[in-house]
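**Q** quick one: sequence and predicted model below, then my questions.
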Amino acid sequence: MKQTVTIKSNCDFRRIYGKGKTFQGPALVSYVLKNRAGICRIGITTSKKIGNAVERNRSRRVIRAAYGMIEEKIQGNYDFVFVARSKTKYIKSTKLAEIMLSQLVEAGVINEKTDN
């Protein structure tokens, strides 16, 4: 199992938003930035546009579960920020994992030949 740490500080989120590459989809927006920390770090953002606290928490749980499914395929050390969209609360984690996988393949974080 790969070691992943949660991003909590505002300055880290702003740095990833400013310098990271953006990949957008109907249910998820991913920001990816290479780091030198030796570990992968993940941050999840859900705004009040998503809905009430229950819906925002469900969106975070679904994103965390989807990331856990593809975490082993990540090659290298990266910082990720995943931003939930309004459709995130309606889909299952397996479907979101497919969306996240396609975005991370496009980012070059996951090699297409090893995602089988």
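**A** Thanks, I have it.
**Q** local confidence estimate at the most centrally placed residue in the chain?
**A** Centroid-nearest residue in the chain: F82, 3.7 Å away (criterion: Cα atoms, centre = their mean). Note on F82: pLDDT of 97.
**Q** the chain should start at 13 in everything you say after this.
**A** Shifting the count to begin at 13 puts that one at F94.
**Q** ok, it - contacts?
**A** Neighbouring residues of F94 by Cβ atoms under 8 Å, 6 or more residues apart in numbering: 40-43, 54-57, 75, 79, 112. C-beta here means a position set from N, CA and C on the backbone, and glycine is covered the same way.
**Q** tell me how far G120 lies from G88.
**A** 9 Å (Cβ to Cβ, to the nearest Å).
**Q** the more surrounded of these two?
**A** A direct count of neighbours by other Cβ atoms under 10 Å for G120 and G88 places G120 higher, at 14 against 10.
**Q** and that one, how far from G63?
**A** Applying Cβ to Cβ to G120 and G63 gives a distance of 33 Å.
**Q** over to Q15?
**A** Applying Cβ to Cβ to Q15 and G63 gives a distance of 32 Å.
**Q** who's more crowded, those two?
**A** Between Q15 and G63, counting by other Cβ under 10 Å, G63 is the more crowded of the two (17 against 10).
**Q** contacting residues for the more buried one?
**A** Contacts of G63 by Cβ under 8 Å, 6+ apart are 98, 101.
**Q** which SS state does it fall under?
**A** Classification of G63 using DSSP: H, G, I helix; E, B strand; the rest coil returns coil.
**Q** over to it: give its phi and psi.
**A** Here is the backbone geometry of G63 (degrees, to the nearest 10): phi 150, psi -160.
**Q** and the worst-scoring helix or strand of the chain on mean pLDDT, how far out from the chain middle?
**A** Every helix and strand of the chain was ranked by mean pLDDT, DSSP states H and E. The lowest is strand 16-18, at a mean of 90. Offset of strand 16-18 from its chain centre (Cα atoms, centre = their mean, to the nearest Å): 11 Å.
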